[in-house]
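**Student:** Attaching a predicted model along with its sequence, questions to come.
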Amino acid sequence: MFALGITWVLDALEVTIVGTIGSRLTEADTLYFSASQVGAIASFYIAGAVIGAIVFAYFTDKLGRKKLFLITLGWYTIFTVVNAFAWNFWSFAIFRFLAANGIGGEYAAINSAIDELIPAKRRGQVDLSINSSWWIGTMLASALSLLLLDERLFPADLGWRLCFGLGAAIALAVLLVRRSLPESPRWLMTHGRTVQAERIVKQIEEEVERNKGPLPPATGTVVTVDTERRVDYVEVTTTMIRRYPSRTLLGLSLMVTQAFLYNAIFFTEALVLTVFFKVPSASVGLYIFPLAVGNLLGPGILGRLFDTVGRKPMIALTYILSGALLVITGLFFVNGLLTAVTATACWVVIFFFASAGASSAYLTASEVFPMEIRANAIAYIFAFGTLVGGALAPYIFGLLIQTHAARNVFFGYLVGSFLMVLGGLTELLSGVDSERKSLEQVAAPLTALEVGR
C-alpha cells in the first residue's frame, strides 16, 4: 500500500507546491507570472498527465504493471529536479508538462495493480485510502512551503526552487521499495506466464498460512483464459464503446465532474486567499494544511461504507452533497460573510465528502472493465475527463480571480456545484454494484474461454 500509494503523495507534492508558490511566482523578484499564467501552469501540468496516462497505459497493459510503475516514477523524478531550474514561464510550463507525463502514467499502472492485488471485500476501502494519500503529500508540501517560502531563511527566488527537491528525494527512495513488489498474477496469467503467477500466489498463501493457520477452501469465480490471445488498441476502444457503453459514460461523468471541482478550486486556492482575504503568500500553507486533513479523513472514515452500504448510494451521496455544500459556501463568499479562516472551514467540510467521491471515480474506472484493457480504460477515462473537466478549469478560475470580483468567482463555484450533482445523478442511474465481488465477476476477461463457479 505504501509503495503504490506514494504516487498520489508525489502528485500532491507537485500540485500543492505550485499552488502554494503560485502567489510567490507573481512577485517581481521571482518569475513575475500573472494570475492567469499561474492558472495556465496548472493546465500544462494536467495536460501532461493526460498524455502520459495514454502513452504509458498502452505499455502497462502490454509489458506489465511492475515494469511501468518503475519507469514512470523514474521519469517523474528527472523532470521534477529540472523544474527547479526554470527561468521563465515557458521553461517552467514545459518542465511541469514533462514531470506530469510520469505522474499520468502512474495513474494507470498503479490503479491497475491496486485492484488486481487487493481482496474483493476490501477493494473499495483500500482503493479510496490509497487514492486519498494524495493529501499526505499536500500536508508535506504545505509544511515545507512555510519553511522554504520564509524570506528570513531563504531568498524569494531560491525558496520556491528548493520545494521541488522533496518530491525528487521521496521518489528516489520509493524506487528502491517498489523493486520488491510482485507483478500482478492476473496480468502474468493472461500473458502466458503461469509459472511466475503461481509462484507469486504461492508465496502470498504461505505467508498467510504462517500468520493465520491453514487456508480455507478456495471459492469464487473460475475463469479459463486463452493465454495466447492479445488485445490491441482497436479492441480497447470497441470494448468500451460497444460492450460497456453505460460504464464508459459513467466513468467519464464521474471523472469530468470531480476534475473540474478539484482543479478549479484547489489549483487557485492560494490566489483566492491572497486576493480576496489578503493572506500573505508565505502563509498560504497554513490554510491548505487543514483542507488536506479534511480530504484525507473523508475517504478514511467513509471508505468502508463503499464496501458495505454499496458503491452506488455512497458515490451518489458524496457527489451530490459536496455540490450542494459548495453552493452554500459560494453564497456566503459572494455576500462577504467569510474570512480566510471560515472559508477554509467551509472547504474542509465540502472536500471531506468530495474527496471520497473523487477517489471513487478512479475506483470505478479501474474495476468495471475487463483486465486486459484495465490500464487503457483508466487512462482514457482519466484523459478525457481531466481534459474536459480539469485542464481548462484552473485557467478559467485564474481569469475569474484576476477580475477581483467575488461574483465572477461565485459563478465558477456554481458551475462546479452543478457538475458534481450531475455526476451523482449519473451514478444513481447507471452505477455498477461491484462491491465485494471479484474483478472477474464485475467484468469477465476478454480472453476468457469459460467462466464458471
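**Tutor:** Perfect, I can see it now.
**Student:** tell me the pLDDT at residue 453?
**Tutor:** pLDDT recorded at residue 453 is 60.
**Student:** do the same with residue 266
**Tutor:** Looking at residue 266, the pLDDT reads 68.
**Student:** do the same with residue 63
**Tutor:** Listed pLDDT for residue 63 reads 85.
**Student:** Buried residues, the helix or strand hosting residue 67. List them.
**Tutor:** Element membership of residue 67, judged by DSSP states H and E, is helix 65-83. Neighbour-count burial for helix 65-83 flags 65-66, 68-73, 75-77, 79-83 (criterion: 16 or more other CB atoms under 10 Å). Where you see a C-beta, it was placed from the backbone N, CA and C, and this is true even at glycine.
**Student:** So among those, where is pLDDT lowest?
**Tutor:** Among the buried residues of helix 65-83, residue 69 has the weakest pLDDT, 78.
**Student:** wait, that residue sits on residue 107?
**Tutor:** No: between residue 69 and residue 107 there is no contact under CB atoms under 8 Å: 10.2 Å.
**Student:** Mind listing the shared neighbours of these two?
**Tutor:** residue 7 (CB atoms under 8 Å, 6 or more residues apart in numbering).
**Student:** Could you pull out the strands in the stretch 101-250 of the chain for me?
**Tutor:** For the stretch 101-250 of the chain, the strands defined by DSSP state E, counting those that start in this stretch cover 222-225.
**Student:** what kind of secondary structure is residue 278 in?
**Tutor:** The three-state assignment at residue 278 reads coil, by DSSP: H, G, I helix; E, B strand; the rest coil.
**Student:** Quick check: it vs residue 145, distance?
**Tutor:** Residue 278 sits 18 Å away from residue 145, going by CB to CB, to the nearest Å.
**Student:** Compare these two (neighbour count), which wins?
**Tutor:** Higher neighbour count among residue 278 and residue 145: residue 145, with 28 against 8, using other CB atoms under 10 Å.
**Student:** show me the contacts for residue 355.
**Tutor:** By CB under 8 Å, 6+ apart, the neighbours of residue 355 are 132, 135, 294, 295, 296, 298, 299.
**Student:** And the average pLDDT for the helix or strand hosting the third one is what?
**Tutor:** It refers to residue 294. For residue 294, the enclosing helix or strand under DSSP H and E is helix 284-308. Helix 284-308 comes out with an average pLDDT of 88.
**Student:** same check, this time on stretch 132-139
**Tutor:** 80.
**Student:** Now do the same for the residue of the chain most remote from its centre: its pLDDT.
**Tutor:** Distance from the centre of the chain peaks at residue 214, with 37.9 Å (CA atoms, centre = their mean). With respect to pLDDT, residue 214 scores 93.
**Student:** May I have the phi/psi pair for it?
**Tutor:** Backbone torsions of residue 214, given as degrees, to the nearest 10, read phi -60, psi 140.
**Student:** what does the one 5 residues further on give?
**Tutor:** Phi and psi for residue 219, reported as degrees, to the nearest 10, are phi -130, psi 170.
**Student:** any idea where the strands of the stretch 301-450 of the chain begin and end?
**Tutor:** Going by DSSP E, counting those that start in this stretch, the stretch 301-450 of the chain shows strands at 448-452.
**Student:** which sections of this structure are below the confidence cut-off?
**Tutor:** Residues of the chain meeting the criterion pLDDT under 70: 14, 19-20, 266-268, 282, 390-391, 452-453.
**Student:** was I right about residue 11 contacting residue 103?
**Tutor:** Yes: counting by CB under 8 Å, residue 11 does reach residue 103; the two are 4.9 Å apart.
**Student:** For the residue nearest to residue 257 when sequence neighbours are not counted, give me its contacts.
**Tutor:** Closest residue in space to residue 257, ignoring its immediate chain neighbours: residue 423 at 3.4 Å, by CB to CB, 6 or more residues apart in numbering. Contacts for residue 423 (CB under 8 Å, 6+ apart) come out as 253, 254, 256, 257, 258, 319, 357.
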